[in-house]
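S.K.: Could you work out the structure for the sequence below:
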Amino acid sequence: GPAALEDRVVALVDGATRSVDVQMYSFTLTRIADRLIAADRRGVPVRVVVDGTQTENTSIRARLTSGGVEVRSAPAAFVNAHAKYVVVDGDRAFIESGNFTVAGMSDQRNYAVEDRDPTDVADLATIFAADWAGTTAALTCSRLVVTPGDSRLRIQTLIARATTTLDLAIYYLSDSAIRAALLTAKNRGVTVRVLLAATSEIADNAATATTLKNAGIAVRTLANPTMHAKLIIADGAAALIGSNNMSITSLRDNREVGVIVREASAVTPTRAQFDAD
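M.R.: Numbering: from 1, shown residues only. As a prediction, the model looks like this:
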């Protein structure tokens, strides 16, 4: 995004035949809400989990509920229910960094992946079911990167195993351990490039940029479109796409979901967009 994420989401919802489950941190787009209502009315059960602390969700929540769609707040145990994903018919998932907002779909650099791996989709369905019921998910997680869970370990492992290049496009990067892992990678000869949101968007990115630049890491910012991605590409061959910002809260306390993909069909266009930005 911002090319066609909204159209892709709408197409997935319109094509559903058995079920649609949505977890979304911030949801304000009436077009997507109305397609979810239409799906539910044609006999495809729709369930939506939102972050209950986000007041901007109030209007869409009322719209969905009045249209017959079941909506619940994510468990209050999460500091933020920051995940952004859709599970359709139990056999495909759409995992992304963008919220269902005008900014998320139209004004920001975001990435999403349509995942049809059966284990990934089953694990994501398990996460949704647990958050819907207010219970704890038991996961096998072959490729998913989940908070609470092992997101920090998986992200640090992805960084530690890079041998040639690391490219990061991140809304903000404040976690000291992730910064240290990047410095370690740079010191062992990995070419590291970091693309952050402009300091006018995230003031704290200035300190991060200074720290990384002083260590010899290339850092740039992207203001148009607003950098909102949470992307790490290792060796041009593996890419983390999802909702995790690189912060303590995001890696420990929130509900976050991402996936590490290794298929060239996903990694190649992602790397090309990073290079262009």
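S.K.: residues in contact with Ser73?
M.R.: 49-52, 81 (CB atoms under 8 Å, 6 or more residues apart in numbering). C-beta here means a position set from N, CA and C on the backbone, and glycine is covered the same way.
S.K.: Can you read off the pLDDT for the closest residue to Phe94 other than its chain neighbours?
M.R.: Once flanking residues are discounted, Phe94 sits nearest to Val86: 4.4 Å by CB to CB, 6 or more residues apart in numbering. Per-residue confidence (pLDDT) for Val86: 98.
S.K.: go on, Ala38?
M.R.: In this model, Ala38 is scored at 98, pLDDT.
S.K.: what's Ser174 sitting at in phi/psi?
M.R.: When read as degrees, to the nearest 10, the backbone of Ser174 gives phi -120, psi -10.
S.K.: got it, and Asn214?
M.R.: The phi/psi pair for Asn214 (degrees, to the nearest 10) is phi -60, psi -20.
S.K.: The one 5 residues further on now?
M.R.: Note on Val219: backbone dihedrals following degrees, to the nearest 10 are phi -130, psi 130.
S.K.: neighbouring contacts of the longest helix along the chain?
M.R.: Longest helix in the chain, counting residues (DSSP state H): helix 118-133. Identification of contacts with helix 118-133 by CB under 8 Å, 6+ apart yields 21, 23, 47, 49, 72, 74-75, 81, 83, 85, 87, 90-93, 95, 115, 136-144, 146, 255, 257, 259.
S.K.: next one: stretch 170-186
M.R.: 97, 152, 155-156, 159-160, 162, 166, 168, 192, 194-197, 201-202, 204-205, 208, 211-212, 215-217, 227-232, 245-248, 250-251.
S.K.: burial of Gly90, as a residue count?
M.R.: Counted with other CB atoms under 10 Å, residues neighbouring Gly90 total 14.
S.K.: Please identify which helix or strand holds it.
M.R.: Gly90 belongs to no helix or strand when assigned by DSSP states H and E.
S.K.: and the gap between Ala198 and Ala129?
M.R.: Distance of Ala198 to Ala129, given as CB to CB, to the nearest Å: 39 Å.
S.K.: What pLDDT is listed against Ser142?
M.R.: 76.
S.K.: quick one: secondary structure of it?
M.R.: coil (DSSP: H, G, I helix; E, B strand; the rest coil).
S.K.: Confirm Arg271 sits in a helix?
M.R.: Yes - checked against three-state DSSP, Arg271 lies within a helix.
S.K.: picking that back up, the contacts of helix 118-133 in strands, which ones?
M.R.: Members of the contacts of helix 118-133 lying in strands (criterion: DSSP state E): 21, 23, 47, 49, 72, 85, 87, 92-93, 95, 115, 144, 146, 257, 259.
S.K.: Glu96 - how many residues pack around it?
M.R.: Around Glu96 there are 29 residues (other CB under 10 Å).
S.K.: Excluding chain neighbours, what is closest to it?
M.R.: Ala112 (3.4 Å).
S.K.: Contacts only, for that neighbour.
M.R.: By CB under 8 Å, 6+ apart, the contact set of Ala112 is 1, 5, 8, 94-98, 241.
S.K.: Quick check: of the ones in strands among the contacts of helix 118-133, which lies closest to Ala62?
M.R.: Arg72 (13.9 Å; CB to CB).
S.K.: pretty sure Glu6 contacts Ser106?
M.R.: Yes - using CB atoms under 8 Å, Glu6 is in contact with Ser106, at 7.4 Å.
S.K.: what bridges to the residue lying closest to Ser151 once chain neighbours are set aside?
M.R.: Of all residues not flanking Ser151 in the chain, Val145 sits nearest, at 4.8 Å (CB to CB, 6+ apart). Beta-bridge partners for Val145, by DSSP bridges, are Gly258.
S.K.: cool, Ala81 as well?
M.R.: Beta-bridge partners, per DSSP bridges, of Ala81: Arg255.
S.K.: One more: Thr221?
M.R.: When bridges are called by DSSP bridges, Thr221 pairs up with Leu196.
S.K.: wouldn't it be in contact with Val194 here?
M.R.: No - the criterion here is CB under 8 Å, and Thr221 misses it with Val194 at 9.5 Å.
S.K.: neighbour count winner among the two?
M.R.: Val194 (24 against 17).
S.K.: tell me the phi and psi of that one?
M.R.: phi -130, psi 130.
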